[in-house]
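# mind folding the following:
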Amino acid sequence: MRFREIHSAADIVGLVQEIGFLPFFRNEIPGFSVAELCAPELWMSDDVEGPWEWKGPIARTKTCIYGKIFSGKAGYVSTDWFPDLVNYRRDGYDFDARFDDELASYKDKGIYDVVAEKGTILSRTLKEKCNYRKGGNKGFDTIITRLQMQTYVNISDFVYMKDRFGQTYGWGVACYSTPETMFGYDWVTSAYRRDPAESWERMRAHLAALLPDAPEKHLRKILG
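I've put the predicted structure just below:
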């Protein structure tokens, strides 16, 4: 299936709501990414905003979930399909239960607890609070990616620094949140009534119908 070209943030939102899952970067499935579908002139342009700048505004709309969801890389999932992804990836475990069963490390818990307590927190502030600055703990990127892959944490916005003239500069700084903070516990866990294997099969069948030429192993990699 060929997807329509992307020209705006609204196009991304509409496409994600239509197809459910959309990786940001190229992957094993040709044509199945923002990187391939977005008009070339919108990448790294000084004159107009493009997919890099749209990530924060899209996340703020709460029309889809953004984070490092696909094989440790970024992408979008629709609100229709995210509960099934949560059910499958978490395997029925809320984070505290995962930690109690020794399936999560103390470092994972330290970062998760701060994000959950604050509701939303800048990456740099989170690193400071959890002592991941120079000379402190190591492995922040690995842990925060793992928490996103497990659906316990997502990116709720990007904040751009401003110079003394009020002009933004540099790359946006990620704001982390939990899906429960953004959407509520009942909705996030609404697929818990299904067996995680059922959620997996629902997602697999959906992607197989959407991407009939994609090998099963590539669908499995997308869904994690």
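# give the other helices and strands that the one helix or strand in the chain whose mean pLDDT sits lowest contacts.
Within the chain, no helix or strand scores below strand 168-177, which has a mean of 84 by mean pLDDT, DSSP states H and E. With contacts taken as 3 or more CB pairs under 8 Å, 6 or more residues apart in numbering; DSSP states H and E, strand 168-177 sits against helix 51-61, strand 120-122, helix 123-129, strand 154-162. All C-beta spots, glycine's among them, are computed from the backbone N, C-alpha and C.
# now stretch 193-206: how far from the chain's centre is it?
Here stretch 193-206 is found 19 Å from its chain centre; the criterion is CA atoms, centre = their mean, to the nearest Å.
# same check on stretch 52-64?
Mean C-alpha position of stretch 52-64 versus that of the full chain (CA atoms, centre = their mean) differs by 11 Å.
# residue 207 and residue 50, how far apart?
26 Å (CB to CB, to the nearest Å).
# so for these two, which residue has more residues nearby?
residue 207 (23 against 20; other CB atoms under 10 Å).
# buried residues in whatever helix or strand the more buried one lives in, which are they?
Using DSSP states H and E, residue 207 sits within helix 196-210. Within helix 196-210, the residues scored as buried using 16 or more other CB atoms under 10 Å are 196, 199, 200, 202, 203, 204, 206, 207, 210.
# roughly how far is that helix from the heart of the chain?
19 Å.
# I'd like the next helix or strand past it.
Per DSSP H and E, the first helix or strand lying C-terminal to helix 196-210 is helix 216-223.
# quick one on the thing from earlier: closest to residue 8 out of the buried residues of helix 196-210?
Comparing the buried residues of helix 196-210 against residue 8 with CB to CB picks out residue 210 as the nearest, at 22.0 Å.
# and that closest one, how close does it get to residue 138?
Distance, residue 210 to residue 138, using CB to CB: 39 Å.
# likewise for residue 80?
38 Å.
# who's more crowded, these two?
Higher neighbour count among residue 80 and residue 138: residue 80, with 13 against 9, using other CB under 10 Å.
# for the nearest residue to the more buried one once chain neighbours are set aside, phi and psi?
Closest residue to residue 80 apart from its sequence neighbours, by CB to CB, 6 or more residues apart in numbering: residue 20 at 6.4 Å. Main-chain torsions, residue 20, degrees, to the nearest 10: phi 90, psi -40.
# hang on, residue 20 packs against residue 84?
No - the pair residue 20 / residue 84 is not scored as a contact, 9.3 Å apart, by CB atoms under 8 Å.
# which residues do these two both contact?
Common contacts of residue 20 and residue 84, defined by CB atoms under 8 Å, 6 or more residues apart in numbering, comprise residue 203.
# okay, and for this protein, where does confidence drop off?
The chain contains residues with pLDDT under 70 at 1, 45-46, 163, 165-166, 169-170.
# which SS class is the residue positioned nearest the centre of the chain?
With distances taken as CA atoms, centre = their mean, residue 67 lies nearest the centre of the chain, 1.7 Å away. At residue 67 the chain is in strand, as set by DSSP: H, G, I helix; E, B strand; the rest coil.
# and it, how close does it get to residue 154?
According to CB to CB, residue 67 and residue 154 sit 4 Å apart.
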